[in-house]
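[1] Have a look at this prediction, sequence included:
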Amino acid sequence: TVQNPDEEMAKFMLLPEDGNHDVPIFNAEEVPEWPLPQKNGTVNSSKRDVNDSLPTPPQGFLGREADMYHALNLVLNRRFVNIVGPTGMGRSSLAAALCHYIDDRKSTLLFDDIYFVRSMLKRPVVGKSSPIICLHEQLVSTGKVEALSKDTDLDEIIKEILVSLKQTKSLLVFDKIETLDGTAEAQDFHFFLGQIFAQTEDVRVLVTSNESIGLSSLVGVGESVHNLGPLNFQNTVKLFAFHCPHLHSSRERKELWEELASHTVMNRLAEENEASEKIKSILGGGIPAKTFTVAYEMTAEEFLELKNIGDDQEITDE
């Protein structure tokens, strides 16, 4: 709702349909064409290039500001970073959000390109490491390398990738590499990482996994691990409220948060309160994927019970 709508409306004026809309209102030289063509003949668009290879973080992505800060610092200062956490903790979402943050600031953070290789839903092709093939396909799609025949040897593919990246400052992202565990492709991938770090100077690698890779050193480059933990009580409730179909407005979401948090003790962390721990457990224990599922599967009766937990706890305390 807009306060003082009549006053706000008075700030704007619509030109009449039958009026002359071509009358200049600024004393400036006329621009014959827009966007202005560059010297090389290409169009200089005001819209920046969009990296279509980057996945979009899920709706309601929140509560990861500190993780973003720490992961970003690792990526900027280390060459090999691993975001570690169990399934459903939001590793892929954090990696995607981090890539978009960097991509929006490439000129400032001095990255040339970002390549995001999504997790493989199917088993890798026997004899070839699927993440490597996917990365090569992205390089082909951007014109960095030429397409190769399907029977091309893996060593030749790796060589093509190294040549294309050698003089660049690029970020390579490989999501959920635990899908390679127990396969020959895992060894190929470790070999590929070693070649990246040995034959390039400014290429960074970010992976997500359910555990540390366990390689203490890859050609002098150690693995920097960022352990991703559960959301705190406040952000768990906010994430639930964002997705819960029983809430229909931002006001209702805010009221739910205030209602569930009303039983917390002043100057005391909500995580230390018995009722808040119970609420957090019901809402998925701070694991975003579980919170998402709970939000959409909770019945109206269960939702009312959730809202009453804080009040019941206050009565018990008294």
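    Ah, there it is.
[2] what kind of secondary structure is residue 99 in?
    Three-state call for residue 99 (DSSP: H, G, I helix; E, B strand; the rest coil): helix.
[3] Output the contacting helices and strands for the one helix or strand residue 187 maps to.
    In the assignment (DSSP states H and E), residue 187 maps to helix 184-199. Judged by 3 or more CB pairs under 8 Å, 6 or more residues apart in numbering; DSSP states H and E, helix 184-199 is in contact with helix 130-141, helix 154-165, strand 204-209. Quick note: C-beta positions are derived from backbone N, CA and C, even for glycine.
[4] most neighbours per residue, which of the ones you listed?
    Of those, the one with the most neighbours on average (mean count of other CB atoms under 10 Å) is strand 204-209, at a mean of 24.
[5] Could you check the pLDDT of residue 23?
    pLDDT, residue 23: 73.
[6] Show me the shaky parts of the stretch 51-200 of the chain.
    120-129 (pLDDT under 70).
[7] rerun that using 80 as the cut-off
    Under the criterion pLDDT under 80, the flagged ranges of the stretch 51-200 of the chain are 51-53, 119-129.
[8] the strands in the stretch 151-300 of the chain, which residues?
    With strands called from DSSP state E, counting those that start in this stretch, the stretch 151-300 of the chain shows them at 170-174, 204-209, 224-227.
[9] does residue 95 sit in a helix or strand, and which one?
    helix 91-103.
[10] Could you pull out the buried residues of that helix?
    Using 16 or more other CB atoms under 10 Å as the burial criterion, the residues of helix 91-103 that qualify are 91-100, 102-103.
[11] from the middle of its chain, how far away would whichever helix or strand comes after that helix be?
    Beyond helix 91-103 in the direction of the C-terminus, DSSP H and E gives the next helix or strand as helix 106-109. Put simply, helix 106-109 sits 18 Å off its chain's centre (CA atoms, centre = their mean, to the nearest Å).
[12] Dump the helices and strands packed on helix 184-199 to TSV, plus distance to residue 194.
    Output for the helices and strands packed on helix 184-199, formatted as TSV (distance: least, CB to CB, whole Å):
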stretch	distance to residue 194
helix 130-141	13
helix 154-165	10
strand 204-209	11
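[13] related to what we said a few turns ago, generate JSON lines for the strands of the stretch 151-300 of the chain, with distance to residue 9 as supplementary columns.
    Shown next, in JSON lines, are the strands of the stretch 151-300 of the chain (distance: least, CB to CB, whole Å):
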{"stretch": "strand 170-174", "distance to residue 9": "48"}
{"stretch": "strand 204-209", "distance to residue 9": "50"}
{"stretch": "strand 224-227", "distance to residue 9": "50"}
